[in-house]
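In: just coords:
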């Protein structure tokens, strides 16, 4: 049994972590820290929660004294790094669900997020198991990818070197904006509606560019559902190609990926809601040599908490799918 904790347990992502870790069976969740809801029962905030557990309000000194095996940080961007600086993580592994350590280039992070990242004594591994499984298994600290970045990278990575340009058109449920978002406070904004935002410079665009070398465009939308995400990748190919051959390439590339499913048909959002799967399909090519690939995932699972548990399993030596299937 491994001991783990969550700092930032009361947000949407933190809540999914609480539920997933509660059913895991091989971890003892000892810290459920929430700055705003310490000592309150989780069920008072989330009616879907059946247990009697309450949020904790441990000081950083108290958390350090517990010597946990792993800590999840489910905090806003630019807040995780300040928290990490106060923790004794010599023996405690870390998974950060913010963007604070997703960028190899600290100057790029500063350009995108407006603050230079604080340096740590250990190297951060980008936590996309389908690309970096071995590195994650040996990592002390993992930066969990963004939800849009996960859906986009997985949709395009196997064909990236054959592309002259890629357009990512993405839609997400409103939970991705967080508990304090205008959608959470006024759900009527999305009644029978879809809203495009950050049309050309969304933060995840720069995260995706680290792994997709082709020129790319990225535009996100939020629509009238709580959780779920679809990415439609329009991939302009350098040369003519055969759909069957491309499907085979994707099948081979993801053959050992526990949570990627490849199909000829374009997937639907409902297929991956409340699962840790990313479904990829479509693979149609038009007369202009444009390949269209569609990926779907749950932004709170494979796009956040589920992928964090998948990474934890790899870091702590559990079966990769434990607690997720």
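Out: That came in fine, so what should we check first? Remember, it's a predicted structure, so these values are computed and weren't measured experimentally.

In: which outside residues touch stretch 135-145?
Out: The set of residues that contact stretch 135-145 without belonging to it, under C-beta atoms under 8 Å, 6 or more residues apart in numbering, is 89, 93-97, 99-102, 120, 122-129, 153, 207, 304, 307-308, 311, 314-315. To be clear about C-beta, it is placed using only N, CA and C from the backbone, and glycine gets the same treatment.

In: ditto for stretch 182-190
Out: 174, 177, 178, 195, 222, 223, 224.

In: any idea which of the residues you listed is closest to residue 26?
Out: Proximity of those to residue 26, judged by C-beta to C-beta, is greatest for residue 178, which lies at 29.3 Å.

In: which residues in the stretch 201-325 of the chain form strands?
Out: 216-223, 229-237, 260-262, 278-285, 290-297 (DSSP state E, counting those that start in this stretch).

In: The stretch 51-200 of the chain now?
Out: Secondary structure of the stretch 51-200 of the chain, counting by DSSP E, counting those that start in this stretch: strands at 70-73, 93-96, 124-126, 141-143, 163-173, 194-196.

In: nearest to residue 299, of these?
Out: Closest among the strands of the stretch 51-200 of the chain, once you apply C-beta to C-beta, is strand 163-173, at 5.3 Å.

In: could you check the angle strand 229-237 makes with that closest one?
Out: Relative orientation of strand 163-173 and strand 229-237, computed by axes from the mean of the first three to the mean of the last three C-alpha atoms, to 10 degrees: 170 degrees.

In: could we number from 3 for the rest of this?
Out: In the new numbering, first residue 3, that becomes strand 165-175.

In: Can you list the strands that strand 165-175 pairs with?
Out: Strand partners for strand 165-175, identified by DSSP bridges, are recorded as strand 218-225 (parallel), strand 231-239 (antiparallel).

In: Out of those strands, which one sits most buried?
Out: Mean neighbour counts were taken over these using mean count of other C-beta atoms under 10 Å, and the top value, a mean of 23, falls to strand 231-239.

In: do you know how far the residue lying closest to residue 9 once chain neighbours are set aside is from residue 292?
Out: Spatial nearest neighbour of residue 9, excluding adjacent residues (C-beta to C-beta, 6 or more residues apart in numbering): residue 35 at 4.7 Å. Distance of residue 35 to residue 292, computed by C-beta to C-beta, to the nearest Å: 48 Å.

In: Show me the domain layout of this protein.
Out: The chain breaks down into these structural domains: 4-147+305-318, 150-301 (assignment by automatic domain parsing).

In: Quick one: those domains as CSV, columns for mean pLDDT and distance to residue 325 too.
Out: Conversion of the domains of the chain to CSV gives the following (pLDDT from 0 to 100; distance: least, C-beta to C-beta, whole Å):
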stretch, mean pLDDT, distance to residue 325
domain 4-147+305-318, 96, 4
domain 150-301, 94, 9
